[in-house]
Every structure is written in structure tokens, then in C-alpha cells.
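J.: Mind folding the following:
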Amino acid sequence: MAKHKAKSASKLDDIERLGQKVIGKLTPDLLIPKWRKFAEGKHPLTGFCYLVSEVVFHMAGGYGSNLRPCKVRHEPGADGDDIHYYLQDINTGKTYDFTAAQFKTPVPYENGERHRFKANLPSKRAQKLIDIVRAARPRTKAA
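T.: Just a heads-up that it's a prediction; the model follows:
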């Protein structure tokens, strides 16, 4: 039983590390135009919630993983858009929100609901970021 808990904790740590790697590779050119304009001069994570959630989700195994995309109404953004995206582990209930730091108030996850991404495969923007994150991984030498 202890091994199962340790393995689960390790998977949670892996998702956290993956999320940190993804947000470490964000650049304004990855934002759609309305969010790029809105994000100017704001917190560096502003406008990236959908993209980061989509990338972490797909890199963690997509719908074959324990993660599910979720959305919640929160502080208004570009064009009054107040939908915020994040991930939740369906087995543990743990919330993974790698862009929450952009907000002035706590995200009301208790009001969130499950959401599906627009496609089962990564979007073009998501695939671009996935490629950037994968290219940055340290290579191991063959024995």
C-alpha cells in the first residue's frame, strides 16, 4: 500500500515539474492576438491559461491520463472574457493551475466544471509549445 501512495505522489510531482517547465517556455508570440494585446504590461502568465492547460494535459497523456480540463468564471480578461482554464486529477481531486498567479483574487475552483478542449489532439499553438518544451529536455547519453 505504501508503494502505491509513493507512486501517486511521484506522479503528482511529475505534473508539477511538467507545468513549471511549460510556463518556463512561454513567450508572447504564443498568445492569440486579443490576449497578446490585453497582456501587455500585465503579469507574465496573463492569457496563457488555456494553452498551458492544453499542453500539460497532452504531455501528461491526454484523456488516457487522470487529468481533466476544467473551466471557471473569474476575473475578466480580454474583451471581458472571464473564463479561466486549469486541470484537475480525477482520482485525487488535486487542482493544477499553473497560471493562477496572474490573478489578484483566489480562483473559485469550487465553482469550476469539467471542460473538453476543442480537439482531442493538441492545437497548433499547443504543439508548438510541446515541441519547444521537448527540445529543451536534457539528452541522456547512450551507454
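J.: how much space between the residue nearest the centre of the chain and residue 88?
T.: Closest residue to the average C-alpha location of the chain: residue 53 at 2.4 Å, with Cα atoms, centre = their mean. The gap separating residue 53 from residue 88 is 10 Å, by Cβ to Cβ, to the nearest Å. (C-beta placed from N, C-alpha, C; glycine too.)
J.: cool, residue 105 as well?
T.: 20 Å.
J.: Could you do residue 43 as well?
T.: 22 Å.
J.: So those two - more neighbours on which side?
T.: Taking neighbours as other Cβ atoms under 10 Å, residue 43 and residue 88 compare with residue 88 leading, 19 against 13.
J.: Let's verify that one: helix, strand, or coil?
T.: strand (DSSP: H, G, I helix; E, B strand; the rest coil).
J.: Point out where the chain drops to low pLDDT.
T.: The chain contains residues with pLDDT under 70 at 1-12, 138-143.
J.: which residues of it fall in helices?
T.: 2-23, 33-39, 49-59, 124-136 (DSSP state H).
J.: Just name the most buried of those helices.
T.: Compared across the helices of the chain, helix 49-59 shows the largest average neighbour count, a mean of 24 (mean count of other Cβ atoms under 10 Å).
J.: the inter-axis angle of it versus helix 124-136?
T.: 60 degrees (axes from the mean of the first three to the mean of the last three Cα atoms, to 10 degrees).
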